[in-house]
Structures are given as structure tokens and as C-alpha cells.
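K.L.:
Attaching a predicted model along with its sequence, questions to come.
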Amino acid sequence: MGDRNATGQRPRVQQDFDTVAFYWRVAIRPYPREATALLVLIVTSAVVDMVSVGLSIPLLDVLTGQAGAAQNRVVMGMQAVLQSVGVVPSTPVVTFALLGLVSLFFVARSGLVLWNQHQIAAIAVKLRRKTRVALFEKFLHARYEEIAKRSRGTIINDITMPAEAIAGAMTNIGFFIAGAFNSLVMIGLLVYLSWWATGVIGLLAIGGIQGWRWYADQRASACGRTLYGLRGEQSKLQVDAVDGLRVVKAHGLEPRMVERQDALSAAEYAPELRLVFLRNGPILVNELIAVVIVLGLGAITFFRPSLGLRFSMLAAFLLAIRRLAPSLVGINQASVTLSRYKRELEVIEEVLERLPQEPRGGAVVDRVTDVRLAQVSFAYPSRPDHFVLSGVTAEMRRGTVNAIVGPTGAGKSTIASLLLGLYEPSSGAMFVNGVDLRRLDLAAWRKKLGYVCQDIFVFNTSIRDNIALGDERVPQSQIAWAAGVAQLHEFITSLPEGYNTVVGDRGLRLSGGQCQRLAIARAILSRPELLIFDEATSALDNLTERAVYDAISTLHDEAIVIVIAHRLSTVKEADQILVLEAGRIVERGTHEALISRRSVYARLYEEDHTHSAAGSEQAALLK
């Protein structure tokens, strides 16, 4: 607490240092080559600008017939150059040559500024791409429980906005450094011309710059945080509205959604306008300072010539000040903009450095022979005291069909999530061929899996790409085989575009059952060694479901098949049925053995049979 003042805030100097350190760490240090190239351009441009202004003094001295102008080193150098090429160095010729030289440096300076801005933009675009890809990769490889805590809109916002911010920040860092170097070099020229006049100018300029920074930076940072939060909420609202469009339309939520969007957009009004004021206020401040300087130096030149300021020096001072003013404005504007981007860049640091990632590398199993759960207990991070699974022990071998059944909330789907490596057990372990799943290479393990989940997701692309997951190397015959097993091939070939038919956003152009069969085809395409069906046929009618399972039964000799189901008629022929209740396995065995016990499974089966019969009768009546 020793570094804070009586109000609990850190001293202003410490805040400035922290800000510089932050931008150095996030936007400059990771990109040394780009930063070095930018610095070289900036320094070269500043030096050329200084020379172009400095050359105006001997030019004006010659034009005004100033005493001693002929002894000026620049004039003498020009005369020597003219003589060396056979030109008589008369006053008009020397004057014209100096005018041409000054013009050349002004053009060179403008060219360097243009090139400098082009390079800054090129670096900014490159960093935007690299940052967006890096953030996208980090989110994809993040631990599932971390991603599950965030809304989709927030994640999209955290990928797009910081990437745009790093581009804007790099651009403004370039402007800031360019402004700083231009100012320093130009001040160096002014000191050379007159140290005392420069001192007066410096005090006024520094006072104006620092005063505005003290006023603007924290306010701009607060505005930036407000805008980032508002845009995150807008992204979340937009994603929810699009994803839940059927619910929105069914319940007439359009006016409410639009009203919420309008309210969030309206809330941006005040901070956006405040940022405009904070960015552009220095223009007025610097113009006022420039007027005071011009009038003061003019008065000294004409009314107190004894102080050593002559007309050519005054002109050079005025030209340098006009060059200096935009640099000072640029420094203030860049400082305000960088403060506005700070929240976005903090997100980059949080995601790239602190977002927990799934482990990379590990052991690889060649051929999956068995999967075993040993006293597995699990509680979701959001409810650490509520165990979804408690002491679950089970073994599943290659060539068997294993059914997991039980009432809603019993923990069936959680077992699938653990096998996928989306979560790790709170206690106990899961073994593949005797190797702890936590020691396996997750990427290699998942390539051996086929998984169809309850919440079917299909990509907004062709049926072929959905089944092959965009892999152009998969032959069409293999895709057609998988579609045939999933009872989908005949439907696909009946479509005008066949396998090239685009399914629409989230499979909008397909029925629920067709989406499920598409997901099943995708899961079995690579003939996985562990095949998990988590309520994978809930949208299929009984006949289609039976046909799908009959077809898949031909695969189970070379795989471990796990079927999680509510409709128990589909698991009667399973080699092993695990009955879950309140996170524990209360029964296990074959269908016949469990029915004969007249316990939990028998009760569930009778209830399912009754519901199925009632559903069939209702369907018959509706027909």
C-alpha cells in the first residue's frame, strides 16, 4: 500500500509507467522485427523533416540579403557543389539551388511520411491477423469447462474486438512514437537556433501536453471499458437472437430484442462522443499555445532585435512550430486512443497467457481393447459440492455394446463427456488399455472416437462436408457407405444437388431426424474404435431407429459401442446394461437378467413400454 496516495490511487507517474510497460509487453515486445523496422522509418522521417526546416534559414538569409549569409556553411557548400559541376555560383543561382534542395527535402519528407504510414498500416493488419488466429486457437484448445462458463457472444467478441484493437493500438503506437521523435528532433533544431526561446516554447508545449494527458487518459480508458462491455452485450444478444430464432418468433420476442439492441446501442452515444472530445481537444489547446508563441517571438524579433532573433530565424521557428504542433496533437490523440484500447488488449493478455489450455502430447494407444472406470466421481466446477457421479466403476471391452440407462439427471451424459476428455474426474480415474486417460494425447485419443451427442450440430455447408468434416481426401464411396449405414443415402440421392446440398444454418433445411442421421454418418465414417451414442436417435421413429442400430451392430466387433438411451427398447440386445441412479451404478447385466430382478431397470423398462404404447395409440388416433 506504500505506493498509493491518500485516496487509494497510485501516483500518476506510476500509472504512466504501468501503461507504458503494458503496451511494451503486449504490443511491442512480441513483435521485435516489426517494431525495429517501424522505429528506423520514424527516425529517418524525423531527421529529414528537421533538415528541411533547417535549410530554410540560409535560404531566407540569402533572399533577404542578410549580412554574413555568404559565410554560412550551407551556402558555402552549395557554392562548392555548383563550382564542381562547372556552374558559376552567382547569388540567383545559389538561391535557386537552395530552393530546389529545400523542396527536395520537403518532398522526401512527405514520401517518408507516406511510406511510414503505409508500413504502420501493414504491420497493424499483420498483427490483427496473427492476433485473431492466436485468440481463436487458444479458445479452441482451452479446457472445456473454461469455455462453458462464457456465452458464445462473449467469446466471439473476445476474438474479434481485441484483434481489431491490436491493429488500432499498433497504428497509434506508431503515431505516438513518430510524434515523439519528430518533436524531439525539431526541439533539438530549435535549441540550436535559440536555447532560451526553445525553453519558453518547451514549457508551454509540455504544460499543454501533460495537462491534457492528465485530464484525458483515465477518462478515455473508462470510456473504452464501457464501450467494450456494451459491445460484448450486443454480440451476446445478437448470437442468442439468431440461434434462438424459432423461439423468438414463436413467442413474439422481436420487439423486445430490438428494444434491447437499441438500448445497448444508445448507451454507446455518450462515451463515443466523449472520446471524440478527448481525442481532438488537443488541437484547440495546441493552436492557442502556437498563437501565444508566434505573437511573443514576433514581438521579440521586431521590438527587441538585441536578443539575437533575426527574420530568417523567426521564419524557421514558425515553420518548426507548425511542424511541431501536429506532432504534439498526434501524441495526445494517440495517448487517448491507446487508453481507450486498454481493455481489449488486457483481454489479449488474459486469453493468450492465462486461459487454461488442454494438455498437449502424451501417450498414444495403438488399438483400443478396453475402457475402464475406476471409482469415478465428478462434480461440475459450477457446483463443486454436488457430485453428478459417485464412485462409478465399470469395464467395457472391444466387440461389445454397452448401454447406459437411467432417469434424467442420473449422470449418463457426464460419462460421455469424461470419456471425450472434456472434463477430468474429481476423483478416481478412467483407463484406456490400462493407461490413465489423463496421460493420453487427447488429440490422438479423440481421433479414435465417434460421438453423437444429444444436441445435434451440423455446419452450414454441404451434406458431404458435414459427413467428411471438410476433409477433401475422403473418397465419395466411403461417405456414401456411412450415409447408408445411417439410413440417409436414399434421401440424399433424391435431392437435386445430392451430397452437395447445403443444409443451412444449424441444419435448417433438414428435419430433426435427418440431422441426427447426418451426425451418425459423421461419427461412423472413420470406423472409430470407441463409438458413443448419447441419445443419438431420439428424433427417429421406431422403425428407422431399429434399422440404424441393426446397421451399426455390424461395426461393433471392431469397436466398443456405448449407447446412452431413454428408450430402453433400443438396448435390449446390449452385451452389458449399466443402470445409473443419482450418479451411482445400481444395477448391471443383460436385459433378461435385469428384467428378472424386478428392480430399477425393470421399472424403467415397463414405464418406457407404457409411454411408447400410449404414443403409438395417440399417433394412430391423429391419423
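P.N.:
Received, thanks. Numbering: from 1, shown residues only.
K.L.:
For whichever helix or strand Glu587 is part of, list every residue counted as buried.
P.N.:
Taking DSSP states H and E as the definition, Glu587 sits inside strand 584-589. Residues of strand 584-589 classed as buried by neighbour count (16 or more other CB atoms under 10 Å): Arg584, Ile585, Glu587, Arg588, Gly589. Every residue, glycine included, has its C-beta placed from N, CA and C.
K.L.:
ok, and the closest non-adjacent residue to the third one?
P.N.:
Spelled out, that is Glu587. Leaving aside its chain neighbours, Glu587 sits nearest to Val579 (3.9 Å; criterion: CB to CB, 6 or more residues apart in numbering).
K.L.:
before we move on, the earlier item: and the contacts of the strand holding Glu587?
P.N.:
389-394, 576-580, 594, 597, 599-601 (CB atoms under 8 Å, 6 or more residues apart in numbering).
K.L.:
And the furthest pair within these?
P.N.:
Taking CB to CB as the measure, these span a maximum distance of 22.7 Å, between Leu389 and Arg597.
K.L.:
which one of these two has more residues nearby?
P.N.:
Using other CB atoms under 10 Å, the more surrounded residue of Leu389 and Arg597 is Leu389, with 25 against 11.
K.L.:
returning to what we had before: show me which of the contacts of strand 584-589 are buried.
P.N.:
Judged by 16+ other CB under 10 Å, buried ones among the contacts of strand 584-589: Leu389, Ser390, Val392, Ala394, Gln576, Ile577, Leu578, Val579, Leu580, Leu594, Val600, Tyr601.
K.L.:
so where's the stretch 151-300 of the chain uncertain?
P.N.:
189-190, 192-210, 213, 244-247, 249-251, 282-283, 285-287, 289-300 (pLDDT under 70).
K.L.:
what's the spacing between the residue with the shortest distance to the centre of the chain and Gly470?
P.N.:
For the chain, the residue sitting closest to the mean C-alpha position, by CA atoms, centre = their mean, is Ile159 at 1.8 Å. Note on Ile159: its distance to Gly470, by CB to CB, to the nearest Å, is 20 Å.
K.L.:
so where do the strands sit in the stretch 501-623 of the chain?
P.N.:
Secondary structure of the stretch 501-623 of the chain (DSSP state E, counting those that start in this stretch): strands at 530-534, 560-564, 576-581, 584-589.
K.L.:
Name every strand pairing with the second one and say which way it goes.
P.N.:
With DSSP bridges as the test, strand 560-564 is paired with strand 401-405 (parallel), strand 530-534 (parallel).
K.L.:
Can you tell me what sits against that strand?
P.N.:
Here strand 560-564 has contacts from 368, 370-371, 396-405, 412-413, 415-416, 419, 529-536, 552, 555, 570-571, 574, using CB under 8 Å, 6+ apart.
K.L.:
Run through the bridge partners of Arg397.
P.N.:
With DSSP bridges as the rule, Arg397 is bridged to Asp370.
K.L.:
could you list every residue that touches Thr369?
P.N.:
Arg397, Arg398, Asn433.
K.L.:
What pairs with the strand holding Glu587, parallel or antiparallel?
P.N.:
Here, using DSSP bridges, strand 584-589 pairs with strand 576-581 (antiparallel).
K.L.:
Give me the contact list for the partner strand.
P.N.:
With CB under 8 Å, 6+ apart as the criterion, strand 576-581 contacts 392, 394, 396, 400-407, 410-412, 571, 585-591, 594, 600-601, 604.
K.L.:
make it 6 Å
P.N.:
Residues outside strand 576-581 that contact it (CB atoms under 6 Å, 6 or more residues apart in numbering) are 394, 402-406, 410-412, 585-588, 594, 600-601.
K.L.:
returning to what we had before: quick check: the residue nearest to the centre of the chain vs Tyr31, distance?
P.N.:
Counting by CB to CB, the gap from Ile159 to Tyr31 is 19 Å.
K.L.:
what's the answer for Ile560, then?
P.N.:
48 Å.
K.L.:
Give me the more crowded residue out of these two.
P.N.:
Neighbours were counted for Ile560 and for Tyr31 using other CB under 10 Å; Ile560 has more, 25 against 17.
K.L.:
State the pLDDT value of that one.
P.N.:
Note on Ile560: pLDDT of 92.
K.L.:
For it, give the beta-bridge partners.
P.N.:
Going by DSSP bridges, Ile560 forms beta bridges with Leu530.
K.L.:
now the helices: where do they sit in the stretch 351-500 of the chain?
P.N.:
Taking DSSP state H, counting those that start in this stretch, the helices of the stretch 351-500 of the chain run over residues 412-419, 442-446, 463-468, 476-485, 489-494.
K.L.:
Can you tell me the SS state at the residue of the chain positioned farthest from its centre?
P.N.:
Distance to the chain centre peaks in the chain at Val88, reaching 65.8 Å (criterion: CA atoms, centre = their mean). The local conformation at Val88, judged by DSSP: H, G, I helix; E, B strand; the rest coil, is coil.
K.L.:
Grab the nearest non-local neighbour of it.
P.N.:
Leu82 (7.5 Å).
K.L.:
what helix or strand does the one you found sit in?
P.N.:
Using DSSP H and E, Leu82 sits in helix 73-84.
K.L.:
average model confidence for whichever helix or strand comes after that helix?
P.N.:
Sequence order places helix 91-141 as the next helix or strand after helix 73-84, per DSSP H and E. Here helix 91-141 scores 81 as its mean pLDDT.
K.L.:
Okay, now stretch 436-447: how far is its last residue from its first?
P.N.:
Taking CA to CA, to the nearest Å, stretch 436-447 runs 17 Å from one end to the other.
K.L.:
centre of the chain versus it, how much separation?
P.N.:
27 Å (CA atoms, centre = their mean, to the nearest Å).
K.L.:
pLDDT on it, on average?
P.N.:
92.
K.L.:
Would you map the helices across the stretch 201-350 of the chain?
P.N.:
245-250, 254-266, 269-303, 311-340, 342-349.
K.L.:
Contacts made by the second one with the rest, please.
P.N.:
Judged by CB under 6 Å, 6+ apart, the contacts made with helix 254-266 from elsewhere in the structure are Leu230, Glu233, Gln234, Leu237, Ala241.
K.L.:
now with 7 Å?
P.N.:
Leu230, Glu233, Gln234, Leu237, Ala241, Val248 (CB atoms under 7 Å, 6 or more residues apart in numbering).
K.L.:
got the contact list for the fourth one?
P.N.:
Residues touching Leu237, when contacts are defined by CB under 7 Å, 6+ apart, comprise Gly153, Met257, Arg260, Gln261, Leu264.
K.L.:
again, but for Arg274
P.N.:
Taking CB under 7 Å, 6+ apart, one finds Arg219, Cys223 in contact with Arg274.
K.L.:
try 10 Å
P.N.:
Ala216, Arg219, Ala220, Ala222, Cys223, Thr226 (CB atoms under 10 Å, 6 or more residues apart in numbering).
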